[in-house]
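**Student:** Let's see this in three dimensions:
(chains A and B)
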Amino acid sequence: MSASALRPAAAWLAASAALVAVLVAAFAVGKFPVAPGDLLRSLAGRLLGTGTGAGLPAAVDTVVWNIRLPRVAAGIVVGAVLAAAGAAYQGMFRNPLVSPDILGVSAGAGLGATLGIYLGLPLAFVQGVAFVGGLLAVAVVWRIASLVQRHDPVLVLVLAGVALGALLGAGISLVKIISDPYTQLPTITFWLLGGLNQVRPSDLAATAPAMLAGLLPMALLRWRINLLSLADEEAAALGVDVGRLRLVLVAAATLSTAAAVSLAGIVGWIGLVVPHVARLLVGPDFSRLLPASLLLGAGFLVATDTLARIVAPIELPLGILTAVVGAPFFLWLLARVGRTS
Amino acid sequence: MKRRALLGALGAAPLLPLLAAGARAGEDAANSTIAAAFGRLPAPADIRRVFVGGAPASALLAVLAPEKLLGWPWNVSAEARAWLPPAVRELPQVGRLAGRGSTMSNETLLQLQPDLILDVGTVDATYISAMQRVAEQTGLPCVLVHGQLADHPAQLREVGRLLGVAARGERLAAWAEKTIALSERVRAAVPPEKRPRVYYARGAGGLETGLAGSINMETIDFAGGRNVAAEAGRGGIAKISLEQVLAWNPEVIVTQDRELARRVLDDPLWRPLEAVRARRVYLAPTRPFGWLDVPPSVNRLIGVRWLLTLLHPGRADDAASLRAATADFYRLFYGVEPGAAALDALLGGNA
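**Tutor:** Numbering: from 1, shown residues only, chains lettered A, B, ... in the order given. Here you go, the predicted model:
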């Protein structure tokens, strides 16, 4: 057990403070110059109804309320959801290398979105097809795994997910090959690398209910999820219907992740690494791991997305930055915690 | 242009036999638009079937020598086909070649029995070596041609001579030269800081655009527009945010996507932009190929005249002369005679 886990209150406080700092920074910086005073006046104008935002240029209000707010909100929800799903899966599959896309949800959503772009559908439909694609992929994996009786059910599920993921990945590559290299291919590439630059209030309104609905079972079942890290027989002996619990969790994580991916594209790394960071900070008990993952996932994605907006003259894809920022941080944390324990 | 000189040098070695065989004596290899040529080139009269490597080359062949085109390297829509010379309207889609993500094997290529492989576009060393391999493996002659907007007059002439349609190449080149001269006159009269600031909206959400030096932005440069994304650096297509577009605050927005043009005008999020408030959001025609890019082809020539008219009223065409020039362009380049209704639809983005 790490030293930090012995001081949970301090860790919680630090994580919450970090999240608040990240949120303030995310609102304050961007490509459109908004002076701190203008930002405060715009916020006060709407929040307090004081009308002090009246003297501001229309663009400032648009930037703060219609561009940065939905983007930051999307970063919070997507980051939280991916990290929570990753934490649930790592516990359930008893495997530290598992991430939320292990059962093919990202590959299914990716193929859906790629096909949508290839067929020239409007963005809202592309998101819809991606969402459905993610759900379908996991449903197929679950069905295949339930047909196989003679092996360890968890192993079969993971292997079926990996195999279907490879198949769907091949489908994505095929669509990329036949798509128009001048228009569709860049769009597909950007989508597959993830990003929040297209998020508008209506997109968030459409996807947030599914993301939050998926979180609910995880929160309600947080005590039982700990039992899934035991062998199936032992968990059953403690009165847990292992099969049903696993189904509920997979369905919940898939619903959340499919909605998150349909909104943000494929943002890797968060679902894999944030749960580990959370575990290093608060220990493996899921009732504490879940809120810690939510908090850290949200903070990490909003921070990364803020960097994506400002570090380069163009938008950097999130999938690139999450790895560039996350991997060194994770390695540093790993080395540091290893020394102090 | 350093890069170009380097490519010219790279291309010069394999070019020598070509120059000896067909091209006009005394032509300076460094000024040639032919970047590289591999294999033994047949005499112009013996080139009857030409395989094109990508979309820009297919457009070049469709205007120069449509009867020699073997097939389309991309999926040309039925609406676009109506604007093409009758000889190529019904041709099948046959696949792309190396360098752009090949969808075609060397065996399929041989089965098509082309007399020549031709490709046009931004030519780099990787692509030259990929083509060299194709030429070596199949034994088919390959020619790579530069395809930037300024190259069009020389490109039309040189490829015209190569394919035995020198007179046609000359006529088309003259039209291209006239357009480029018009562009130069307008740009000479309007200093860069006085040119309208233009944002080219690409991608489904309009948040993809071309950076400085991108081949996708050449039409805008030649039409005397200032690409707002140029300040983000040099490169190809990049993803940006709406916040960035608001910060750039372009005076004009152009796009080739009808749905996007409509959305940009109606969307409250885009409303703070000067271009939207002034209703200066222009939808470029796309028949048979894009007037701005997609692919970056000879169709950009009429695109330059169209955009010059919109960006610099009073300095280039007026509505009537643009209309006449458009009809002239389609007659000369594609051999089609658009009627009044078709011209309206084309210029209104409804074709």
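**Student:** does A:Leu23 belong to a helix or a strand, and which?
**Tutor:** According to DSSP states H and E, A:Leu23 maps onto helix A:8-28.
**Student:** Check whether the very next helix or strand once past that helix comes near chain B.
**Tutor:** Tracing the chain past helix A:8-28, the next element assigned as helix or strand by DSSP H and E is helix A:36-47. No. Helix A:36-47 does not reach chain B (C-beta under 8 Å from any C-beta of the partner chain); its nearest approach is 13.0 Å. Using the backbone N, CA and C atoms, a C-beta is placed for each residue, glycine as well.
**Student:** Could you report the pLDDT at residue 219?
**Tutor:** If you meant another chain, say so; for now it's chain A. pLDDT recorded at A:Ala219 is 93.
**Student:** please go with chain B instead
**Tutor:** pLDDT at B:Thr219 comes out at 97.
**Student:** OK, contacts around residue 79?
**Tutor:** You didn't pick a chain, so chain A it is. A:Gly79 makes contact with A:Ile270, A:Val274, A:Gly297, A:Ala298, A:Gly299, A:Phe300, A:Leu301, A:Val302, according to C-beta atoms under 8 Å, 6 or more residues apart in numbering or on different chains.
**Student:** Chain B is the one I meant
**Tutor:** B:Arg287, B:Ala351.
**Student:** The stretch 101-250 of chain A against chain B: which residues are in contact?
**Tutor:** Residues of the stretch 101-250 of chain A lying near chain B (C-beta under 8 Å from any C-beta): A:117, A:122-123, A:126, A:176-178, A:180-183, A:185-187, A:190, A:195, A:197-198, A:200.
**Student:** let's see it at 7 Å
**Tutor:** By C-beta under 7 Å from any C-beta of the partner chain, the residues of the stretch 101-250 of chain A that approach chain B are A:117, A:122-123, A:126, A:177-178, A:180-183, A:186-187, A:190, A:195, A:197-198, A:200.
**Student:** Show me which of those are buried.
**Tutor:** When these are checked for burial by 16 or more other C-beta atoms under 10 Å in any protein chain shown, the buried set is A:117, A:123, A:126, A:178, A:180-183, A:186-187, A:190, A:195, A:197-198, A:200.
**Student:** rewinding a little: can I get the contacts of A:Gly79 in JSON lines with secondary structure, distance to chain B and neighbour count?
**Tutor:** JSON lines is the format used below for the contacts of A:Gly79 (DSSP: H, G, I helix; E, B strand; the rest coil; distance: C-beta to the nearest C-beta, whole Å; neighbours: other C-beta atoms under 10 Å in any protein chain shown):
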{"residue": "A:Ile270", "secondary structure": "helix", "distance to chain B": "20", "neighbour count": "33"}
{"residue": "A:Val274", "secondary structure": "helix", "distance to chain B": "24", "neighbour count": "31"}
{"residue": "A:Gly297", "secondary structure": "helix", "distance to chain B": "22", "neighbour count": "30"}
{"residue": "A:Ala298", "secondary structure": "helix", "distance to chain B": "20", "neighbour count": "28"}
{"residue": "A:Gly299", "secondary structure": "helix", "distance to chain B": "21", "neighbour count": "26"}
{"residue": "A:Phe300", "secondary structure": "helix", "distance to chain B": "20", "neighbour count": "27"}
{"residue": "A:Leu301", "secondary structure": "helix", "distance to chain B": "16", "neighbour count": "33"}
{"residue": "A:Val302", "secondary structure": "helix", "distance to chain B": "15", "neighbour count": "26"}
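**Student:** Show me the two of the residues you listed that sit farthest apart.
**Tutor:** A:Val274 and A:Val302 (12.4 Å; C-beta to C-beta).
**Student:** how about low-confidence regions in the chain?
**Tutor:** Looking at chain A here, since you left the chain open. For chain A, applying pLDDT under 70 flags the ranges A:1-8, A:50-55, A:337-341.
**Student:** Chain B was what I was after
**Tutor:** Using pLDDT under 70, the flagged stretches of chain B are B:1-30, B:98-103.
**Student:** one more time with 50
**Tutor:** Applying pLDDT under 50 to chain B flags the ranges B:1-28.
**Student:** Near chain A, which residues of it are found?
**Tutor:** Residues of chain B lying near chain A (C-beta under 7 Å from any C-beta): B:55, B:74, B:100-101, B:103, B:202-205, B:207-208, B:232-233, B:237-244, B:246-247, B:259, B:269, B:272, B:293-295.
**Student:** Show the buried residues in these.
**Tutor:** Counted by 16+ other C-beta under 10 Å, those give B:55, B:74, B:100, B:202-205, B:207-208, B:232, B:237-244, B:246-247, B:269, B:272, B:293-295 as buried.
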